[in-house]
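J.: Quick one: sequence plus predicted model below, questions after.
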4 protein chains.
Amino acid sequence: MVTVTGKEYLHRISKLKTEIWLEGSLLQGPVTEHPAFKAVLQSKAKLYDLVHEKQYEDILSAKDHQSNFSYEPMKTKEDLEKHRLATQVWANQNAGLLGRSPEYGNTIITTLANAKDYFAMEGSEYGERIERIHKEALEHDLTFTHTFVNPKARKRSSFFSEEEELPIAAKIVDETDEGIVIDGARLLATQGGITDEVIVLPAGFEKDSLFAFSIPSATPGLKFLARPSYATDSLYDEPYSSQFEEGDAIVVFDNVLVPWDRVFLYKSERLSQGLFFETGLEPALLFHASNRQIVKTEWLIGLAEEMVETLKISQFQHIQQKLAEMITALEAMRAFVYSSEAQAGVNEYGMMVPFAPPLKAAVSYYQTTYPRLVEIIQLIGASNFIAAPNEKDFQSPIAPLLERFIGGYDTSAKEKVQLLRLAKDLTMGDFGSRQTQFERYFYGDPVRLSTNLYNHYDTRPYRDRVKTFLETLRKNDNSQAPIN
Amino acid sequence: MVTVTGKEYLHRISKLKTEIWLEGSLLQGPVTEHPAFKAVLQSKAKLYDLVHEKQYEDILSAKDHQSNFSYEPMKTKEDLEKHRLATQVWANQNAGLLGRSPEYGNTIITTLANAKDYFAMEGSEYGERIERIHKEALEHDLTFTHTFVNPKARKRSSFFSEEEELPIAAKIVDETDEGIVIDGARLLATQGGITDEVIVLPAGFEKDSLFAFSIPSATPGLKFLARPSYATDSLYDEPYSSQFEEGDAIVVFDNVLVPWDRVFLYKSERLSQGLFFETGLEPALLFHASNRQIVKTEWLIGLAEEMVETLKISQFQHIQQKLAEMITALEAMRAFVYSSEAQAGVNEYGMMVPFAPPLKAAVSYYQTTYPRLVEIIQLIGASNFIAAPNEKDFQSPIAPLLERFIGGYDTSAKEKVQLLRLAKDLTMGDFGSRQTQFERYFYGDPVRLSTNLYNHYDTRPYRDRVKTFLETLRKNDNSQAPIN
Amino acid sequence: MVTVTGKEYLHRISKLKTEIWLEGSLLQGPVTEHPAFKAVLQSKAKLYDLVHEKQYEDILSAKDHQSNFSYEPMKTKEDLEKHRLATQVWANQNAGLLGRSPEYGNTIITTLANAKDYFAMEGSEYGERIERIHKEALEHDLTFTHTFVNPKARKRSSFFSEEEELPIAAKIVDETDEGIVIDGARLLATQGGITDEVIVLPAGFEKDSLFAFSIPSATPGLKFLARPSYATDSLYDEPYSSQFEEGDAIVVFDNVLVPWDRVFLYKSERLSQGLFFETGLEPALLFHASNRQIVKTEWLIGLAEEMVETLKISQFQHIQQKLAEMITALEAMRAFVYSSEAQAGVNEYGMMVPFAPPLKAAVSYYQTTYPRLVEIIQLIGASNFIAAPNEKDFQSPIAPLLERFIGGYDTSAKEKVQLLRLAKDLTMGDFGSRQTQFERYFYGDPVRLSTNLYNHYDTRPYRDRVKTFLETLRKNDNSQAPIN
Amino acid sequence: MVTVTGKEYLHRISKLKTEIWLEGSLLQGPVTEHPAFKAVLQSKAKLYDLVHEKQYEDILSAKDHQSNFSYEPMKTKEDLEKHRLATQVWANQNAGLLGRSPEYGNTIITTLANAKDYFAMEGSEYGERIERIHKEALEHDLTFTHTFVNPKARKRSSFFSEEEELPIAAKIVDETDEGIVIDGARLLATQGGITDEVIVLPAGFEKDSLFAFSIPSATPGLKFLARPSYATDSLYDEPYSSQFEEGDAIVVFDNVLVPWDRVFLYKSERLSQGLFFETGLEPALLFHASNRQIVKTEWLIGLAEEMVETLKISQFQHIQQKLAEMITALEAMRAFVYSSEAQAGVNEYGMMVPFAPPLKAAVSYYQTTYPRLVEIIQLIGASNFIAAPNEKDFQSPIAPLLERFIGGYDTSAKEKVQLLRLAKDLTMGDFGSRQTQFERYFYGDPVRLSTNLYNHYDTRPYRDRVKTFLETLRKNDNSQAPIN
């Protein structure tokens, strides 16, 4: 078995020399030691260790046990099932809170490499390159983040006229024998700077921003402008943000030279347009994401139930209805995935592609449903959240008072408050608020996604039924004769 | 092939001598000629004709082509798929508007007969009886309605004291050699009085209302108190209510003698309690209903789209979002069904039982979603509904004025108004309003169904994750030591 | 006292010779005898009788007791209060179900006549004409309907090319010594054809559709294309639709000559644009409508409560919450009116104008709230609606069975069902469905009204606070210095 | 003019010797210097300074200019208007974010003192004491917090049996010549520990927890267990939480001796029950709170608009609809207040009491509306929030990159981000999340408040209309005769 262990993974990542800017400082020393990133990297390391656990190794490795499951393309319905289960096992390890669990980026590379003939349409070298990138990734269990959103272009007033000359969105500014030179920025890479590589996919409509490549995060000129970290350090006070804060960053290309052998799509409008659907990439990503969201929903239900039992409020009808709402959401998300599997089909690159419409519905559904699930947790915890003490309070002389006044029915005050803080950490505060916003904008603006769902959905068969029905009525209806 | 044709079916039904009271009168003459029931019986007849159509006969008949598909129990996943498709084919024939399409009742009989050993637990004769009932039904393609809701018991003030002596809910009042004598009422049988037989399942908790049997609708003493009919007679003005109004009735047992050989459950609390789940009946009914609701949703989308195109309003974002909402609902309903198939399992009577939780979520989801779909249709039609003319207007001298002033972009006024009236008939008026109320209370009160969903859902695995997670944190957390 | 009695009113209306087309026929004989209009005219007659009742005459007459309250312009806050109370007294008489209670049209005439100088800006004769129209109306207690919506213009395909030549929206096609000639149509006049006169206000943007006049409904060439009537004839079965169905119609001008002395606005873009706001018309109409909606909401609450008590379900928390929702809606609607009174101000024509923003919020709020109130009634009645019998059933041999099986706790079956049918009539069926659509589109499309609310609302003071707050922070914040 | 200045206020507060526990430590040194409380006390000081500003002194002082406006009881409708305006002026100073602005506690003392005869019903000394407490408060411009919620009583398992002996809810454990001795706890005092005094009102139903008094926060034995502070220190990064974090605390009475002369209600069930309504206290508090919420809503609208303009998204219909939703909420809240004023009446203690029902509707409405307003802000900011940099980033070498890549259309990146951070601070993170939870549970659990609204609302007049209507129909309806 050649997949890395958590230790090996951390060792490799500790050597990364990425340029990360955080709260105005250039990050120094190994990223694995930095308070903003240490915990999330350890959480990811645990995922790699899981691959080596007896009970999971079959599911988390490729069939030949030579690489991670996510580096093996999905070819059959059984593969879909396996990827579903594997994604859920990994997601369960972090309560579904890592938006960029390693298999997400791996899936991009694997799906694209599987469709190498797609890229080869513009030259066989493009197909070979993505294949090679995939092979390297597989062999070293590399991790990826990715980015495909441009910053908003804008006309600015004279005061800022100087800057206007500079490209805003990342663009090709030069082309040399070694490769292409990119200047400008991309929004927005989760875990930006702390993965081995960053995958850059085409964005926008202008020819010189249509490129796809994967390069090491530590490539010269590549800068990650990380937002302030929400990582905390008390496992008791903030059980999730002390472990799963993954960070987000703006990616800046300061005249970055991207070697030709990393570029697998170049200035091709045709390939850029079809990229997400013809290769099977979008369904693959939505399939992954939905499975993660299923696990996250299970955790939310577990949390809600545990609170309901601890606070002894399960007898209230409105509480039961709220839980039923959560259960319906879970069943719906699961169902979307089963539906995508049941209707999956093989594309021209031999990939078993999960059926897209239920997955598009899933992502659209979850964007509005997740905030409601969060609200339900907040409504269950109610005013209990408002004066909740913290770990230090329980280590102080007032601990006995807390025990006396806010202890639970069958739990100590400290355990009850720990549960409340878990709920608070997930649904409020910096970490929880960002989780909500992340799910709400996952895969794009909800208005855009829902209009997109409509615009690409084939409603003709249903319209035709209505037309036919009315036409039949008209034929049967003699009364009509004299008029038309 | 021995299944009946529409004509044979109508002929048989025309001979029924059921006691139906409608708007204060005892129905006289063949029910197939009565304005309240004629159309719906013809609509059902078309379903039987469909079984004989080349393109549908494989799907709509049992494997041996000797009976209707719905008289064949589901034994494999392929059977589930076949029943899904067949149910949808039939539902499509009436736009999903018949709440009691024949296969619904057939499914009850078939599922119970398949679980004959369940009934035999209280005596082998019970098993034999349900088996015989099934055999007869299958051979003659009988149709059924059913009832399992008691009228509300009540203590009434002295003014009504005389009546209080009488049982309200249908109860056993005598037991003779020939059979049991039932007196009292049951709410509520859709298509009550116009099916061959009525299936009566246990209701309530009192021993003398715990019985199950199927008897001819024309059994002496059996009265159907039908609500006023919503049937109309213009295919143009009310395209749906002129074809698919199926009626609802209170069923009154006026000392009805039920022969022993029709009784397959008698005074057994144990069997009454387990009836819906242990035999697989509830999942089977929910599976049927969800498939019908899928087709209904497709028709609603078709209607919405046809209106959007006819009124040329597809460019509005809020319209697109409303359509996307409908599409999401369709995908969710479909997904619940796929989920129930993917997770189906064989019960102890050899039935392949669709997995219940997604179907329970489906029915709960649709109760609140259907009214929203209806509202969207109303919002799309907007003020167009308010002054819509009718068929007679188009046959009168003002027809040219209507053409001039309210004609469509690419359609004549008459065609445009026909479409609007279709939407109106489905979502407003007596027929449309009853459809909404029917879906809202299909399978029971929404509050009760959602609390039931919660109370029977196994959330323990998810709670346990949360508990384990917190316990692990407590172990890792040395700071805790000095306190507890 | 010179205001008419109900009898006088009916007598006058019975002589109207309006051209009304209904279900393809030209209406013959007195409208007061026609089954479609008889009941609503009697309901309006009762309003006129009310003016003569001791307890109401002060509130329902003008201060000099010489005319109806609604012919007296609002000049003081006391007048606002009086109009509020009077409008509510009248609305209460029909449960708020008449969208066009007489004072609505009267208010248009009165408000415009009060602002006669507005019209006089384009020539003193315009001011004099509206004043004269008001005087006549006041003296004879005339009733009005009005219309200000054009049918949608459209480019149509060649098949219909002939019609395309004809104007669709009502337009000036000629101008003679006697008056102007109008050809085309207007959508949509509630009670079209059964009022003394019809007020026509400017619509659209083209000069030749910019006119305002009031003419007798019986003017030659004026046709009312009424939609099919929802009037029913059993007070028991449909207590509301048998009394308050008011009708809606398309108004067609077939080269109608409008005498000059009825025209008070002519081809003036300036006056057309300012008409609704500068004269105070819009706030006056919204004030009236909100008061009617308050009364309607009170009736809905009364109905809901009566059902809750009759069905003995007031102990359920979800029922209590639904009632609380209704109460909040009532308090909100009332509050919007009090707010508009508290902030009212005098315009340049001496009118005390209710403050518009709360009234615009009210109408927008009610468009989405009314359907929810209706839904709550439906949820309270639940499955009770489905098999509800009718009056004939209670006059038949099955009456005792109904009493036994569906009688109430403290009420007879007949009384309980009467209540249920009241709820059904209000919220379902043709009449109820039209009520919902009427409130939903009252005063225009909800999307348009809400964006209009936003676009005319002065949010600058609140934005300025935010700007100032941030600027102050920037000044206090020394850290900023080195950067900007 | 004798009202204190901000400086005087801070000086007085700096001498408080309250026992506050925060994150496990006993707070040392002046509270005015402590990072958790310094800022909020300065924000309160600004309120006192405002009283001395020319433009506000008339509105913020009592009529005799000898005390704060909130120490003067409301006797006339003009007083109501003045209190409305004054409350809004103060609330505006902190964007409505201080849940316990000084006038809130003052209003409690003032309202109760005005109803001194109420307390005197159990002995004249009680009336005199509350009067004296008010007089002292007024003369020194004292500040108050208050508490009237008991911790949940519970039976606990044997493991905790020792503690069970101790009272949990604050109770009278002794009564001496000097006063009463209280032991136990109260939840939950906002600003607990940082006000001059704490008002304790009756809670629960047991006689020994029925008392009302006001004592200095620094009374021996009185402990405030503060929750961890959300105060931050960068005006740029968190503009609100760095100024308005007010804290919440559990109040513990460790055998606190409350001198008799502070006790104005003692073991009186009758007075405890009527306290909130008969004295006018509840309407007074709801009136205050609604006015604060109005200002908060104005700030939310200002913020939303400023974002919409800065991000140039005002042209989107869905954005306009969201703003319209906010405007409707603002108009509704304002309207509830006007309604309460218009219908206000004088109680038996001479107080002009704002009419309660609209205020109860307001508080219930805002509990569900505020979270939606917050959600709208989050939806407007969208993914802009996710990678937002902070102040340090703008002081670092990457500032030019931020300017280039995320600068606004007409604003610098730093100003644009400042605005986004303002929105984030208000709606997300610890401070924002607590604001949402505070408004959601302000005045109690939403389910309880809404059922309370229903249970105390007089719906009889509306029910009676329905009954009378149906009775009238029955009388008119001859058809009924033969049956009843």
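T.: Perfect, thanks for sending it.

J.: How about the most centrally placed residue in chain A, nearest residue that isn't a chain neighbour?
T.: Closest to where the C-alpha atoms of chain A average out (C-alpha atoms, centre = their mean) is residue A:99, at 3.7 Å. In space, and not counting its chain neighbours, residue A:99 is closest to residue A:190: 5.2 Å by C-beta to C-beta, 6 or more residues apart in numbering or on different chains. C-beta coordinates here come from the backbone N, C-alpha and C atoms, glycine included.

J.: check contacts around that neighbour.
T.: By C-beta atoms under 8 Å, 6 or more residues apart in numbering or on different chains, the contact set of residue A:190 is A:99, A:100, A:145, A:246, A:247, A:248, A:249, A:438.

J.: Tell me the spacing between the first one and residue D:427.
T.: Think residue A:99. According to C-beta to C-beta, to the nearest Å, residue A:99 and residue D:427 sit 21 Å apart.

J.: cool, the fifth one as well?
T.: Residue A:247 sits 21 Å away from residue D:427, going by C-beta to C-beta.

J.: about what we covered before: please verify my assumption that the residue nearest to the centre of chain A contacts residue A:442.
T.: Yes - using C-beta atoms under 8 Å, residue A:99 is in contact with residue A:442, at 7.2 Å.

J.: picking up where we left off before, just the ones in helices from the contacts of residue A:190, please.
T.: Of the positions in the contacts of residue A:190, residue A:438 sit in helices, assigned by DSSP state H.

J.: Now do stretch A:284-302: distance to the chain's middle.
T.: 10 Å (C-alpha atoms, centre = their mean, to the nearest Å).

J.: Output it as PDB, nothing but the C-alphas.
T.: Taking C-alpha atoms only, stretch A:284-302 is exported to PDB below (Å, rounded to 0.1, in the frame of the first residue of the first chain):
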ATOM      1  CA  ALA A 284     -18.700  14.600 -10.200                       C
ATOM      2  CA  LEU A 285     -18.200  17.700  -8.000                       C
ATOM      3  CA  LEU A 286     -21.900  18.000  -7.200                       C
ATOM      4  CA  PHE A 287     -21.900  14.300  -6.300                       C
ATOM      5  CA  HIS A 288     -19.000  14.800  -3.900                       C
ATOM      6  CA  ALA A 289     -20.500  17.900  -2.400                       C
ATOM      7  CA  SER A 290     -23.900  16.400  -1.800                       C
ATOM      8  CA  ASN A 291     -22.400  13.500   0.000                       C
ATOM      9  CA  ARG A 292     -20.500  15.800   2.200                       C
ATOM     10  CA  GLN A 293     -23.700  17.800   2.900                       C
ATOM     11  CA  ILE A 294     -25.500  14.600   3.800                       C
ATOM     12  CA  VAL A 295     -23.000  13.900   6.500                       C
ATOM     13  CA  LYS A 296     -23.100  17.400   7.700                       C
ATOM     14  CA  THR A 297     -26.900  17.200   8.000                       C
ATOM     15  CA  GLU A 298     -26.600  14.000   9.900                       C
ATOM     16  CA  TRP A 299     -24.300  15.800  12.400                       C
ATOM     17  CA  LEU A 300     -26.800  18.600  12.700                       C
ATOM     18  CA  ILE A 301     -29.600  16.200  13.400                       C
ATOM     19  CA  GLY A 302     -27.400  14.400  16.000                       C
END
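
J.: Show the pLDDT at the residue nearest to the centre of chain A.
T.: pLDDT, the model's per-residue confidence, is 94 for residue A:99.

J.: Relative to chain C, how far out is it?
T.: Here residue A:99 is placed at a distance of 31 Å from chain C (C-beta to the nearest C-beta, to the nearest Å).

J.: List the contacts of that residue.
T.: Taking C-beta under 8 Å, 6+ apart, we find residue A:99 in contact with A:190, A:246, A:292, A:438, A:442.

J.: ok, of those, which one's closest to residue D:362?
T.: Of all the contacts of residue A:99, residue A:438 has the smallest distance to residue D:362: 34.2 Å, by C-beta to C-beta.

J.: who touches that closest one in this structure?
T.: Contact analysis of residue A:438 by C-beta under 8 Å, 6+ apart lists A:99, A:190, D:386.

J.: ranges for the helices of the stretch 251-400 of chain A?
T.: A:269-278, A:281-310, A:317-342, A:356-381, A:391-394, A:399-406 (DSSP state H, counting those that start in this stretch).

J.: now for those, which one comes closest to residue C:273?
T.: helix A:356-381 (39.9 Å).

J.: Can you read off the pLDDT for the closest residue to residue A:455 other than its chain neighbours?
T.: Distance criterion C-beta to C-beta, 6+ apart; nearest residue to residue A:455, sequence neighbours excluded, is residue B:320 at 7.0 Å. Looking at residue B:320, its pLDDT is 96.

J.: Could you verify my assumption that residue B:320 touches residue A:451?
T.: Yes - at 4.3 Å, residue B:320 and residue A:451 qualify as touching, with contact defined as C-beta under 8 Å.

J.: Could you report the neighbour count for residue A:37?
T.: By other C-beta atoms under 10 Å in any protein chain shown, the residues close to residue A:37 number 25.

J.: so what's it up against?
T.: Contact analysis of residue A:37 by C-beta under 8 Å, 6+ apart lists A:31, A:194, A:229, A:231, A:247.

J.: so what pLDDT did the residue nearest to the first one when sequence neighbours are not counted get?
T.: Just to be clear, that refers to residue A:31. With C-beta to C-beta, 6+ apart as the criterion, residue A:31 has its nearest non-adjacent residue at 5.0 Å, and that residue is residue A:37. If you check residue A:37, the pLDDT there is 97.

J.: distance of the nearest residue to residue A:337 once chain neighbours are set aside from chain D?
T.: Spatial nearest neighbour of residue A:337, chain neighbours left out: residue A:290 (5.2 Å); criterion: C-beta to C-beta, 6+ apart. Here the criterion is C-beta to the nearest C-beta. By it, residue A:290 lies 20 Å from chain D.
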